[in-house]
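Peer 1: I'll drop the sequence and a predicted model, then ask my questions.
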Amino acid sequence: MHARVMHVTMKPECLDQAAAAWPKATATFKDKGLHAGYMILLDREAGKVLSVTIWDSEESIRSNENDGALKELMKPFHEWFAADPWSEYGEVGAHVD
């Protein structure tokens with residue numbers, strides 16, 4: 001399994017809208033290798049968020065990123081961003097169900 005950790009800074013007043021939209025948008029990739037996803041609010045006042053998604057492979061992550069559907073799903077989120085998000089990738093070393 002592999003993970004994508006997206007570091008996001010959002011406009012604080014938009015966090016609740018983003019949190020409401022994130023599960024539906026992310027769930028659309030369940031049939032494309034996505035196992036699980038979490039939106040973690042690190043600092044509500046500063047708008048700091050982590051989007052952590054767990055995938056069956058790095059290839060699934062890259063395919064998702066290159067898919068036009070992801071770009072369409074991300075459009076509403078762009079107006080909520082205070083800065084451009086950036087991502088890190090890694091192999092899942094251990095997990096607990």
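Peer 2: Perfect, thanks for sending it.
Peer 1: Report all helices and strands that the helix or strand bottoming out on mean pLDDT in the chain contacts.
Peer 2: Least confident helix or strand of the chain, by mean pLDDT, DSSP states H and E, is helix 68-78 with a mean of 85. With contacts taken as 3 or more CB pairs under 8 Å, 6 or more residues apart in numbering; DSSP states H and E, helix 68-78 sits against helix 15-27. C-beta here means a position set from N, CA and C on the backbone, and glycine is covered the same way.
Peer 1: avg pLDDT for the helix it packs on?
Peer 2: Averaging pLDDT along helix 15-27 gives 95.
Peer 1: Surely Trp61 is in contact with Trp55?
Peer 2: Not Trp; residue 61 is Ile. Yes: assessed by CB atoms under 8 Å, Ile61 is found in contact with Trp55 at 4.9 Å.
Peer 1: Overlap in contacts, those two.
Peer 2: The overlap between the contact sets of Ile61 and Trp55 (CB atoms under 8 Å, 6 or more residues apart in numbering) consists of 2, 4, 33.
Peer 1: what ranges do the strands span in this structure?
Peer 2: In the chain, the strands defined using DSSP state E lie at 2-9, 34-43, 48-55, 86-91.
Peer 1: Rounded mean pLDDT for the third one, please.
Peer 2: Spelled out, it's strand 48-55. Mean pLDDT, computed over strand 48-55, is 97.
Peer 1: With adjacent residues omitted, what lies nearest to the residue nearest the centre of the chain?
Peer 2: Nearest to the geometric centre of the chain sits Ser51, at 3.8 Å (CA atoms, centre = their mean). Using CB to CB, 6 or more residues apart in numbering and skipping residues adjacent in sequence, the residue nearest Ser51 is Met6, 4.0 Å away.
Peer 1: re earlier: quick check, nearest of the shared contacts of Ile61 and Trp55 to His78?
Peer 2: Closest approach to His78 among those (CB to CB): Arg4, at 17.8 Å.
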